[in-house]
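J.: Below are the sequence and a predicted model; questions follow.
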Amino acid sequence: MSAPREPRQVPSPLTDEIDYVETHDVAQVHAAIRREKSDPGEATTPAPVWLMSVCFLAMACAGFYLGMYNGGFDANVFDWYTRPLPGGSGSQVSQNTAVELTPVMIGQNVFKLNCQTCHQDSGLGIAGQYPPLAKSEYVNGGSERLGMILLKGVQGPIKVEGATFGAAVMPAWDKLSDQKIACVLTYVRQAWGNTGGEITPEQIAAARKQFAAKTDSWSEADLLKVPADAALPGGKAEPKK
C-alpha cells in the first residue's frame with residue numbers, strides 16, 4: 001500500500017503566501033477559499049459618500065446661481081426689445097448696464113423684427129412690391145391713417161410717393177401690444193428724415209376700440225376718406241414737424 005501523497009504547494013504570484021493547489025486538509029482548503037474575492041457585479045457597489053457630497057454641493061451652487069441671476073435669461077436681460085445700446089444698431093448691452101429706453105429705441109427693434117424685410121432698413125421699401133416709408137405721405141401726415149394700417153392692414157392698389165403698388169398687401173399687426181405699436185409708429189415717423197411726432201399707447205388703445213367693428217383690411221379708398229392731417233384719438237404726444 002502506497003504512502004499518502006504530500007500536498008503540492010506553489011507560491012502565489014500575488015503574495016508571498018503558499019496557496020494549496022491540492023490538499024486533503026479541510027481547514028487549509030477553507031482558508032484558500034476565503035482568500036478568493038467575488039467576481040464584480042453591476043449595481044452592487046454604492047457610490048462613495050465623498051462623491052455624492054461633491055455632486056450635491058455642485059447642484060446646490062448651480063441652483064443658488066440661477067436663483068440669484070436667473071441665468072441671464074430674464075425678460076429684462078435677454079430681450080431684443082429692451083436691451084439695445086443707445087444709438088446702436090440693434091447691438092446689445094451687458095445685463096449690468098442701466099439703459100433708459102425711449103419709444104424710438106424700442107420702436108426701432110420692433111421694426112427690425114417685423115417690418116424691415118418688406119420696407120427695408122433704409123425705409124425705401126422694394127420697388128413695385130412694398131411702398132416706402134421714408135417721406136411717405138401716410139407717415140408724415142396725421143397719425144390716424146398710419147394707425148389704421150397697423151391695426152387692420154391694407155390690401156389692393158395703393159399709391160405712395162407717386163408710385164402705384166398694385167399687389168400691395170400689408171397684414172394687420174394688431175397682435176402686438178399697444179406699447180409696441182405706438183413705439184414702432186413713433187420710430188417710423190421720426191426715421192429717414194420723416195417729421196412726425198410721438199404716438200402714445202393710449203392712442204393705440206383708443207384706436208382699437210374705434211376700429212373694432214372692422215373685420216377686414218382697409219383699401220386705399222378707405223384711407224383717403226380720412227383727412228390727411230387727422231390724428232389718432234385718445235392721447236396727447238405727437239407734435240414735431
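T.: The structure has been received and is ready for your questions. Numbering: from 1, shown residues only.
J.: List of residues touching stretch 154-173?
T.: For stretch 154-173, contacts defined as CB atoms under 8 Å, 6 or more residues apart in numbering pick out 114, 127-132, 135-138, 148-153, 181, 217-220, 223. All C-beta atoms are positioned from the backbone trio N, CA, C, and that covers glycine.
J.: What of stretch 125-142?
T.: If you take CB under 8 Å, 6+ apart as the criterion, stretch 125-142 is touched by 118-120, 122-124, 145-146, 149, 158, 160-161, 163, 165, 167-168, 188-189, 191-196, 223, 226-231, 241.
J.: Out of these, which end up buried?
T.: Using 16 or more other CB atoms under 10 Å as the burial test, the contacts of stretch 125-142 include 118-119, 123-124, 145-146, 149, 158, 160, 165, 168, 188-189, 191-192, 194, 196, 223, 231 as buried.
J.: Among these, name the ones in strands.
T.: Of the buried ones among the contacts of stretch 125-142, the ones assigned to strands by DSSP state E are 158, 160, 165.
J.: so which of the residues you listed comes closest to Glu100?
T.: The shortest approach to Glu100 among those belongs to Val160, at 34.5 Å (CB to CB).
J.: who's that closest one bridged to?
T.: Beta-bridge partners for Val160, by DSSP bridges, are Ala163.
J.: so how far is Gln129 from it?
T.: Separation of Val160 from Gln129 (CB to CB, to the nearest Å) stands at 12 Å.
J.: Confirm for me that Trp192 is in contact with Gly123.
T.: Yes: contact criterion CB atoms under 8 Å: Trp192 and Gly123 qualify, at 3.9 Å.
J.: Now the helix or strand hosting Leu113: buried residues?
T.: Element membership for Leu113 (DSSP states H and E) is helix 103-114. Of the residues in helix 103-114, 103-112 count as buried by neighbour count, 16+ other CB under 10 Å.
J.: Check which helices and strands that helix is in contact with.
T.: helix 178-190 (3 or more CB pairs under 8 Å, 6 or more residues apart in numbering; DSSP states H and E).
J.: Pull out the CA atoms of whichever helix or strand comes after the helix it packs on and give them to me as CSV.
T.: Counting by DSSP H and E, the next helix or strand C-terminal to helix 178-190 is helix 201-210. Taking Å, rounded to 0.1, in the frame of the first residue of the first chain, the C-alpha atoms of helix 201-210 are listed here in CSV:
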residue,chain,number,x,y,z
PRO,A,201,-50.1,103.6,-26.2
GLU,A,202,-53.3,105.3,-25.1
GLN,A,203,-53.9,106.5,-28.6
ILE,A,204,-53.5,102.9,-29.9
ALA,A,205,-55.9,101.6,-27.2
ALA,A,206,-58.5,104.1,-28.3
ALA,A,207,-58.0,103.3,-31.9
ARG,A,208,-58.5,99.6,-31.3
LYS,A,209,-62.0,100.4,-29.9
GLN,A,210,-62.7,102.8,-32.7
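J.: For the residue lying closest to Leu133 once chain neighbours are set aside, which residues are in contact?
T.: Once flanking residues are discounted, Leu133 sits nearest to Gly123: 4.4 Å by CB to CB, 6 or more residues apart in numbering. Neighbour list for Gly123: 132-134, 188, 191-192, 194 [criterion: CB under 8 Å, 6+ apart].
J.: try 10 Å
T.: Shown in contact with Gly123 (CB atoms under 10 Å, 6 or more residues apart in numbering): 111, 115-116, 132-136, 139, 188, 191-194.
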